[in-house]
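Asker: Model the following, please.
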Amino acid sequence: MGFTKTAEYQIGSRLIPRSVILGGAGAGFVAALREISTQYGGTISGVLFNVSRAPAVPNAVNPAFREALVSLVVGTYEDPRQNIANQKLMTDTIVPKLAGLIPGGGSAYLNEGDPWEPRWQKVFYGKNYDRLLKVKNKYDPSGILYSLTSVGSEA
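Answerer: Numbering: from 1, shown residues only. You can find the predicted model right below:
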């Protein structure tokens, strides 16, 4: 996958599990955020939430939402001539720094994720991906409905 599209603001994110915030990793978490904001000029925002109740029926929501305390979004903004460099910075450096704080690399909310995420199926959909792909193939076998990181787009 190449870095060919540009935007004014490059973003990436991770759903931060309660265990990272409330467990013993707090100092490392704060240090990583400080590094992202000072060394890379990233902006950081987050939304706290509590969605720990399991649904009564299976749904498409990434199961990582059930363990998350915050959806943390990081972003870079530079002169438009820096967009490609910032895409690479986000994908190759900033998001991996966040992922390194979470066992297994963590998950992200699709709408706030890095569109160049190399493991997007796992990161954005979790264990639901295979089931969602079966549904996609059943109702859209020709692949008419498409977006860069939507289920089945790797085809």
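
Asker: How about the residue minimising distance to the centre of the chain: what's its closest non-neighbour residue?
Answerer: Nearest to the geometric centre of the chain sits residue 108, at 3.0 Å (CA atoms, centre = their mean). Distances taken as CB to CB, 6 or more residues apart in numbering put residue 13 closest to residue 108, at 4.6 Å, once the chain neighbours are dropped. Glycine gets a C-beta too; all of them are placed from N, C-alpha and C.

Asker: what sits opposite the one you found in the beta ladder?
Answerer: Residues in a beta bridge with residue 13, per DSSP bridges, are residue 73.

Asker: Only the buried residues of the longest helix seen in the chain, if you could.
Answerer: The single longest helix within the chain, with elements called by DSSP state H, is helix 26-39. For helix 26-39, the neighbour count (16 or more other CB atoms under 10 Å) marks 29, 32, 33, 36 as buried.

Asker: returning to what we had before: the residue nearest to the centre of the chain: what's it in contact with?
Answerer: 12, 13, 14, 15, 71, 114, 117, 123, 124 (CB atoms under 8 Å, 6 or more residues apart in numbering).

Asker: immediately after the longest helix of the chain, which helix or strand?
Answerer: strand 43-48 (DSSP states H and E).

Asker: what is the orientation angle of that following strand with helix 26-39?
Answerer: Computed by axes from the mean of the first three to the mean of the last three CA atoms, to 10 degrees, the angle separating strand 43-48 from helix 26-39 equals 140 degrees.

Asker: Please enumerate the helices of the protein.
Answerer: According to DSSP H, the chain carries its helices in the segments 18-22, 26-39, 83-89, 95-99, 120-125, 129-139.

Asker: how about low-confidence regions in the chain?
Answerer: Within the chain, the stretches with pLDDT under 70 are 1-8, 25-26, 51-56, 78-79.

Asker: how about a markdown table for the buried residues of helix 26-39, with distance to residue 89 added?
Answerer: As requested, the buried residues of helix 26-39 are exported to a markdown table (distance: CB to CB, whole Å):
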| residue | distance to residue 89 |
| --- | --- |
| 29 | 20 |
| 32 | 15 |
| 33 | 16 |
| 36 | 10 |
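
Asker: returning to that earlier point: of the helices of the chain, which is nearest residue 155?
Answerer: Closest to residue 155 of the helices of the chain is helix 129-139 (CB to CB; 9.1 Å).

Asker: got the contact list for that closest one?
Answerer: Against helix 129-139 from outside (CB under 8 Å, 6+ apart): 58, 60, 121, 122, 125, 145, 151, 152.
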